[in-house]
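A.B. asks: My questions concern the predicted model and sequence given below.
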Amino acid sequence: KPRWVGSLLLNDPATAVRVVADRVYLTLVAEVTGAMGGSELIVVDAAEVFKLRMIGQLDMPGGGRVNGLAVQGRLAYVTDRGKGLKIIDVDEPLRMRLVSQTTLPSEGRSVAVVGNMAYLAAGNAGLVVVDVGNAAEPRVVAVQPSLEAETVQVMGDRVYVAGGRHLEVFDTSSPLSPWTVARAVTPGSAVAMAVAEGVAYIAYVSDVSEDSLGVDADGLVADGLVVVDVSAAGLGRELGRVDTISQAQAVQVAGNLAYVAGGESGRIAIIDLQDPVALSVVGSLQLDGTVVDLHLAGNLLYVGIVVSKLEASFGEIRVIDVGRPETPVSLGTIYTDLVRAIVVENQRVYVATTKGLQVIDVSTPAQPRLLGRLDFPDDLSDVAVAGPHAYVASWQGVLYIVDISAPDAPTLVGSLDHLGSIN
């Protein structure tokens with residue numbers, strides 16, 4: 001039962017984190033009017049997790065977004081989009097300093113350090129090995145081509161490199177001449193990896209190139225996790241995988257079926273849950289727009305959608321008959337303000353939007369109609385209904401209580417603010 005024990009507010013998004021004893025090392029990237037600016041390395045004292053405090057900060061020389069971070073002893077190793085490996089002395093966090101900077105054959109995306117060697121996943125250059133025995137004068141000692149190396153892990157004399165649609169295992173017992181001992185194909189482009197006890201766990205995302213759209217056998221774009229045996233006995237053998245619908249936003253479960261909202265993909269997927277080890281998609285429906293929420297009532301699925309056309313955006317509530325999961329049928333549609341969340345109660349859809357609460361009559365599914373609305377100054381985020389009241393939350397941290405006993409004239413009866421941003 002994990003529990004929250006401490007936090008520290010950061011000024012910018014973190015791109016990498018490493019923990020060594022009581023210190024936490026993070027790289028941050030500054031956001032500058034929609035673009036990414038320079039990076040910095042900060043050190044946090046975590047000796048008392050209830051009182052986290054920053055004890056050191058260094059602006060990264062040369063700028064550029066930091067991709068990879070490793071810490072060993074008194075040194076931090078940082079890779080960035082500028083094709084460089086930077087070595088930083090972090091022994092005294094208040095006086096961190098750049099020790100050296102080395103140019104790589106390609107962008108360093110991930111780094112792992114063992115002993116005197118740094119192993120880097122360097123994009124289309126593959127695996128790059130750098131001798132860091134002399135931190136002031138690191139030197140590239142080997143470049144082993146690999147397909148779009150994205151992430152790297154080291155266990156003993158094995159180096160695991162994943163990227164593109166592959167995993168490659170190198171023997172580095174002789175670091176100057178690493179050689180491939182195994183390869184495996186992944187279902188999508190590898191973006192992160194962990195290796196433990198002879199097993200590699202690889203998170204992947206859909207390929208989106210024109211000739212490889214990352215579409216699975218059921219026609220749905222998929223992201224997921226693949227598990228690969230990297231032990232000596234089964235090098236490269238896939239042990240299993242789990243796929244998710246890309247950018248899944250919401251799910252409803254009834255009986256042996258799950259209904260998944262596919263976010264920007266615009267897909268509704270209906271998944272058979274009877275065999276948890278071999279989930280299968282039994283039906284799907286492509287909608288125009290971003291599917292943000294759904295609610296199942298009987299054989300009817302109510303879907304909240306945001307549609308963007310040219311410079312205009314609007315919301316839409318769609319009623320779908322899922323009585324036959326393999327062939328869902330759209331029955332009726334009504335347009336709304338931008339949808340954030342929906343809930344269905346007593347043949348009425350309560351819609352939280354960017355402008356307020358809307359109440360829609362769906363007693364005739366093919367002809368939904370607006371019954372009433374109540375506008376708010378906030379951007380709403382969620383809605384729940386119990387008895388004669390609707391409870392509406394906003395991103396601005398306000399909980400509103402609305403009397404819906406007269407659905408054509410919903411009335412605000414109470415509120416509580418200063419709750420923080422409510423999801």
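C.D. replies: Good, I have the coordinates. Residues are numbered from 1 along each chain as shown.
A.B. asks: now the strands for the stretch 101-250 of the chain?
C.D. replies: 110-114, 117-121, 127-131, 139-144, 151-155, 158-163, 166-171, 179-185, 189-196, 199-205, 222-229, 237-245, 250-254 (DSSP state E, counting those that start in this stretch).
A.B. asks: any residues touching the fifth one, and which ones?
C.D. replies: In this structure, residues lying in contact with strand 151-155 by CB atoms under 8 Å, 6 or more residues apart in numbering are 109-112, 114, 119-121, 127, 159-163, 172, 190-195, 200. The C-beta positions use only the backbone N, C-alpha and C, and glycine is treated the same way.
A.B. asks: same check, this time on the third one
C.D. replies: Taking CB under 8 Å, 6+ apart as the criterion, the residues outside strand 127-131 that touch it are 85, 102, 104-106, 108, 116-122, 138-144, 146, 149, 152, 159, 161, 168, 170, 172, 175-176, 178.
A.B. asks: now swap in the first one and tell me
C.D. replies: Residues external to strand 110-114 that are found in contact with it (CB under 8 Å, 6+ apart): 67-70, 72, 77-79, 85, 118-121, 132, 149-154, 159.
A.B. asks: hang on, the earlier thing: from the contacts of strand 151-155, keep the buried residues only.
C.D. replies: When the contacts of strand 151-155 are checked for burial by 16 or more other CB atoms under 10 Å, the buried set is 109-112, 114, 119-121, 127, 159-163, 172, 190, 193, 195, 200.
A.B. asks: Might one say that residue 74 is in contact with residue 89?
C.D. replies: Yes - Residue 74 lies in contact with residue 89 (CB atoms under 8 Å); the separation is 6.1 Å.
A.B. asks: re the thing from before, with respect to the strands of the stretch 101-250 of the chain, which exhibits the lowest mean confidence?
C.D. replies: Lowest mean pLDDT within these: strand 237-245, at a mean of 70.
A.B. asks: Residue 74 and residue 89: which has the busier surroundings?
C.D. replies: Neighbour comparison, residue 74 and residue 89: the larger count goes to residue 89, with 17 against 12 (by other CB atoms under 10 Å).
A.B. asks: Just list the residues touching the more buried one, thanks.
C.D. replies: Taking CB under 8 Å, 6+ apart as the test, what residue 89 contacts is 74-75, 96-97, 99, 135.
A.B. asks: switch to 10 Å and redo it
C.D. replies: Applying CB atoms under 10 Å, 6 or more residues apart in numbering, we find residue 89 in contact with 58, 73-76, 95-100, 135.
A.B. asks: Could I get those in TSV, plus columns for distance to residue 363 and secondary structure?
C.D. replies: Output for the contacts of residue 89, formatted as TSV (distance: CB to CB, whole Å; DSSP: H, G, I helix; E, B strand; the rest coil):
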residue	distance to residue 363	secondary structure
58	64	strand
73	70	coil
74	71	coil
75	69	strand
76	63	strand
95	71	helix
96	66	coil
97	71	strand
98	69	strand
99	72	strand
100	72	strand
135	73	coil
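A.B. asks: In ChimeraX, how would I select just the buried ones from those?
C.D. replies: This is the ChimeraX syntax for the buried subset of the contacts of residue 89, where burial follows 16+ other CB under 10 Å:
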select :58,75,76,96,99,100,135
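A.B. asks: which of the contacts of residue 89 lies closest to residue 379?
C.D. replies: Nearest to residue 379 among these: residue 58, at 37.4 Å, using CB to CB.
A.B. asks: measure the closest one to residue 6 for me?
C.D. replies: 23 Å (CB to CB, to the nearest Å).
A.B. asks: which ones are touching residue 344?
C.D. replies: Counted by CB under 10 Å, 6+ apart, residue 344 has contacts 294-298, 300-302, 317, 319, 350, 360, 362, 385.
A.B. asks: Filter the residues you listed down to the buried ones.
C.D. replies: 294-297, 300-302, 317, 319, 350, 360, 362, 385.
A.B. asks: how about low-confidence regions in the stretch 201-350 of the chain?
C.D. replies: 206-224, 234, 241-248, 276-277, 279, 310 (pLDDT under 70).
A.B. asks: again, 50 this time
C.D. replies: 208-221 (pLDDT under 50).
A.B. asks: Residue 318 contacts residue 333, doesn't it?
C.D. replies: Yes - Residue 318 lies in contact with residue 333 (CB atoms under 10 Å); the separation is 5.3 Å.
A.B. asks: Inside strands: which ones of the buried ones among the contacts of residue 344?
C.D. replies: Among the buried ones among the contacts of residue 344, the residues falling in strands (DSSP state E) are 294-297, 300-302, 317, 319, 350, 360, 385.
A.B. asks: on that earlier part again, give me the common contacts of residue 318 and residue 333.
C.D. replies: What both residue 318 and residue 333 touch, as defined by CB under 10 Å, 6+ apart, is the set 303, 305, 368.
A.B. asks: got CSV for the residues you listed, with neighbour count and distance to residue 205 too?
C.D. replies: Converted to CSV, the shared contacts of residue 318 and residue 333 look like this (neighbours: other CB atoms under 10 Å; distance: CB to CB, whole Å):
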residue, neighbour count, distance to residue 205
303, 27, 24
305, 26, 23
368, 23, 36
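A.B. asks: Skip the chain neighbours and tell me the closest residue to residue 237.
C.D. replies: residue 229 (4.4 Å; CB to CB, 6 or more residues apart in numbering).
A.B. asks: who touches the one you found in this structure?
C.D. replies: Residue 229 neighbours (CB under 10 Å, 6+ apart): 182, 184, 198-200, 235-240.
A.B. asks: let's see 8 Å
C.D. replies: Contacts of residue 229 (CB under 8 Å, 6+ apart): 198-199, 235-239.
A.B. asks: Then residue 168?
C.D. replies: 127, 146-147, 160-162, 180, 182-183.
A.B. asks: Need the contact partners of stretch 398-412.
C.D. replies: Outside stretch 398-412, the residues that reach it (CB under 8 Å, 6+ apart) are 348, 350, 357, 359, 361, 371-374, 376, 378, 385, 388-394, 413-417, 419, 422.
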